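Student: Any chance you can model this:
(one chain, ligands or ions: 2)
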Amino acid sequence: MKKNPSQDSSRQSPSDFPIKTGAEIIVETLIEQGADTIFGYPGGVVLPLFDRLYDAPIRFIIPRHEQGGTHMADGYARASGKVGVIIVTSGPGACNLTTGIANAMMDSVPIVALTGQVRTELIGNDAFQEADTTGITRPITKHNMIVKDVKDLQQMIREAFYIAKTGRPGPVLIDIPVDIEVAKCQLQPLKEISLPGYKPPQKGHLRQIKMAAQAIDKSDKPVLYAGGGVIAADAAKELHSFAQKANLPVTTTLLGLGSYDQSRPESLDMLGMHGTAYANFAVQECDLLIAVGARFDDRVTGKVKTFAPNAKIIHIDIDPSSISKNVAVNIPVVGDAKFILAELAKEVKHKERKEWFDKIADWKRRYPLRYDTRSAGLKPQYVIEQLCEAAKSEAIVVTGVGQHQMWTAQFYKHSKPRHFITSGGLGTMGFGLPAAIGAQVARPDALVIAIDGDCSFNMTLTEISTAVQYELPIKVCIINNGYMGMVRQWQELFYNKRYSKTHIDNPEFAVVAQALGAVGIAVEKKSEVKSAIAKMLAEKKPCIVDFKVEREENVWPMVAAGKSLHEMDGLDIFESMA
Ligand SMILES: Cc1ncc(C[n+]2csc(CCOP(=O)(O)OP(=O)(O)O)c2C)c(N)n1
Ligand SMILES: [Mg+2]
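Tutor: Ligands and ions are numbered 1, 2, ... in the order given. Okay, the predicted model is just below:
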């Protein structure tokens, strides 16, 4: 941890460490840690803390539900690269955080959550609004702690930030009993943080890096497979230079989208269950797979036994527990992707690999992503293509979970890191709108577009009011198919079209948006799409566009659960559209 010279203890006098209350210590330490924006919701046991926040120089955003607040902190962290902070009360407030915390944990997003707790002597008494917050959140946080002595408070907050953002990032929670907020102690000097048992690796092992470079030089059919870890490590530039130097085709995971410019010819776009045929074929046929900041998730590998059957595997990751967890790895390199990729770029030679690139070009020609462009109906893929066309790579795109998320991954072309924000690991419906709000708070001048599903949007649409209150000009495009489309697709394909409980009656979203103080637009025809998007982009207020798309469109191609990556359904449908 870098020392802030003004707080270097050797230069400070005792008057720099006055006696303060716990609440004051929290606010001062948050500011010291760079938390200029906080999301949160008050309640009884955090009143002393909220009183200190009354005139603190911190921007405070109140969501309409604490779950929304965690997704906002998450979107804020992903868009900015900073730690997202949320403060809530005990019991129901803390319980409402769980979905957002689990979501951040699965996608390795740095969040510090402060929860109020009942008075220390009441803990375990079923006191009013008591919940065992550390117990509930232990499996879904990178680390959590409860403060038992006000003297530990300041160091615990510093450690929480340190743990959240170093190594493989993740959420850290501190539970703070209300008596600790009013207890007093002296401020503590800022010290280097050293935690026994937590020493995140920095650089990779040079011998392993050399071995990886040799394997790459030898390979005739390599594939570079980049995940969200590349973005978390701010290593997109290094990924690009390494891929150029070694001459490698590059595929990314859902969370890796934006780590590599998809307009480049060597981009294979996304791999996996709804990845491109050319990415999946290339992985299945490659002789070397170089995974960077990716964890061989089951949505990526399909049937593990037959995943990349001919390949030697190099795995570069900051988290040693990811190595050989799902897929056996030949050359592990544990450390910071930014450093390792820069080292690898120095070590590797350029190799032409004409045959391999010709083969990939042939797959790309034969199996591009397609949909029925001749249809007069309003196709979801068309809406997303038009959004991409109008907003280009400038927009920060955020999604909900379902078919619309996959179509956005397929048809919106990404080229910059931190410009695509989606719930990958947990797959949390309701993430889109609040995460977009968090991204807009982090990047006030950026164009932020949420592409959401009707059912996902329904889960957290109350947060429109938050966007209105804080004058956040987010755009929300609802891909409204009147279904839990992704589940309906599985019912169509695997349950004989028995659409069991996958339809809900939606309100008129444009009218709801207007009632909540936002702009609402409804679109029913293909011919209205371009002008609605233009109107939305020109709008200064939060704007919700309800695209009433064809109801039973499917996401293709698809690797059905348990199938091998090359066994894709839907390619024949694509060929018939050629
Ligand atoms: C909180 C939550 N509940 C249930 C699911 C299971 N699920 C995955 S996708 C989906 C349907 C999503 O519907 P919608 O948001 O309308 O998106 P579409 O697939 O129609 O584009 C459901 C129910 C989930 N991912 N998250
Ligand atoms: Mg839907």
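Student: which helices and strands sit right next to the host helix or strand of Ala361?
Tutor: Element membership for Ala361 (DSSP states H and E) is helix 354-366. Applying 3 or more C-beta pairs under 8 Å, 6 or more residues apart in numbering; DSSP states H and E, we find helix 354-366 packed against helix 277-285. For the C-beta atoms, the positions are set from N, CA and C on the backbone; glycine is no exception.
Student: and the angle from the helix it packs on to helix 354-366?
Tutor: Angle of helix 277-285 versus helix 354-366, following axes from the mean of the first three to the mean of the last three C-alpha atoms, to 10 degrees, is 140 degrees.
Student: pLDDT below threshold where in the stretch 401-550 of the chain?
Tutor: Scanning the stretch 401-550 of the chain for pLDDT under 70 picks out no residues.
Student: Can you pull up the residues of it that come close to ligand 2?
Tutor: Contact residues, the stretch 401-550 of the chain versus ligand 2 (C-beta under 5 Å from the ion): 453-454, 481, 483, 485.
Student: Compare these and tell me which is most surrounded.
Tutor: For these, the largest number of neighbours (other C-beta atoms under 10 Å) sits with Gly485, at 29 neighbours.
Student: Can you list phi and psi of that one for me?
Tutor: Main-chain torsions, Gly485, degrees, to the nearest 10: phi -60, psi -40.
Student: which residues does it contact?
Tutor: By C-beta atoms under 8 Å, 6 or more residues apart in numbering, the residues touching Gly485 are 402-404, 453, 553.
Student: re the thing from before, past the helix holding Ala361, which element shows up next along the chain?
Tutor: Once the chain leaves helix 354-366, the next helix or strand it forms, by DSSP H and E, is helix 380-391.
Student: For the helix or strand following that following helix, name the packing helices and strands.
Tutor: Scanning forward in sequence from helix 380-391 by DSSP H and E, the next helix or strand is strand 396-399. Identification of packing neighbours for strand 396-399 by 3+ C-beta pairs under 8 Å, 6+ apart yields helix 403-411, strand 420-421, helix 432-442, strand 448-453.
Student: From ligand 2, how far out is Glu553?
Tutor: Per C-beta to the ion, to the nearest Å, Glu553 is found 10 Å from ligand 2.
Student: Give me every residue in the chain lying close to ligand 1.
Tutor: 400-404, 427-430, 453-456, 479, 481, 483-487 (C-beta under 6 Å from any ligand atom).
Student: Now do the contacts for the residue nearest to Asn330 when sequence neighbours are not counted.
Tutor: The shortest distance from Asn330 to any non-neighbouring residue, by C-beta to C-beta, 6 or more residues apart in numbering, is to Lys312 (4.7 Å). Lys312 sits next to 215, 219, 287-289, 330-331 when contact means C-beta under 8 Å, 6+ apart.
Student: Looking at these, which one is closest to ligand 1?
Tutor: Leu289 (28.3 Å; C-beta to the nearest ligand atom).
Student: for the closest one, helix, strand, or coil?
Tutor: At Leu289 the chain is in strand, as set by DSSP: H, G, I helix; E, B strand; the rest coil.
Student: Please name the bridge partners of it.
Tutor: Val223, Ile313 (DSSP bridges).
Student: Distance of it relative to ligand 2?
Tutor: Taking C-beta to the ion, one finds Leu289 at 34 Å from ligand 2.
Student: Is it correct that that residue is in contact with Tyr225?
Tutor: Yes - the criterion here is C-beta atoms under 8 Å, and Leu289 meets it with Tyr225 at 5.8 Å.
Student: and those two? which has more neighbours close in?
Tutor: Between Leu289 and Tyr225, counting by other C-beta under 10 Å, Tyr225 is the more crowded of the two (32 against 27).
Student: Show me how the chain divides into domains.
Tutor: Segmentation of the chain into domains, based on automatic domain parsing, reads 9-186, 206-366, 380-556.
Student: Could I get the average pLDDT for the helix holding Ala361?
Tutor: Helix 354-366 shows a mean pLDDT of 97.
Student: circling back to that earlier point, same list, the domains of the chain, but as a markdown table with distance to Met568 please.
Tutor: A markdown table is the format used below for the domains of the chain (distance: least, C-beta to C-beta, whole Å):
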| stretch | distance to Met568 |
| --- | --- |
| domain 9-186 | 25 |
| domain 206-366 | 6 |
| domain 380-556 | 8 |
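Student: Grab the nearest non-local neighbour of Ala534.
Tutor: Nearest residue to Ala534, sequence neighbours excluded (C-beta to C-beta, 6+ apart): Ala390, at 7.0 Å.
Student: surely that neighbour meets Ser531?
Tutor: No - with contact defined as C-beta under 8 Å, Ala390 does not reach Ser531; the gap is 10.7 Å.
Student: Could you check which of those two is surrounded by more residues?
Tutor: Taking other C-beta under 10 Å, Ala390 and Ser531 do not tie; Ala390 has more neighbours (16 against 11).
Student: Strands of the stretch 51-200 of the chain, residue ranges please.
Tutor: 59-61, 84-88, 111-117, 143-146, 171-177, 184-186 (DSSP state E, counting those that start in this stretch).
Student: pLDDT on the second one, on average?
Tutor: Spelled out, that is strand 84-88. 99.
Student: could you say what helices and strands it packs with?
Tutor: Under the contact criterion of 3+ C-beta pairs under 8 Å, 6+ apart, strand 84-88 touches strand 37-40, helix 66-80, strand 111-117.
Student: can you put the ones you listed in JSON lines and add mean pLDDT and mean neighbour count?
Tutor: Output for these, formatted as JSON lines (pLDDT from 0 to 100; neighbours: other C-beta atoms under 10 Å):
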{"stretch": "strand 37-40", "mean pLDDT": "98", "mean neighbour count": "25"}
{"stretch": "helix 66-80", "mean pLDDT": "99", "mean neighbour count": "29"}
{"stretch": "strand 111-117", "mean pLDDT": "99", "mean neighbour count": "28"}
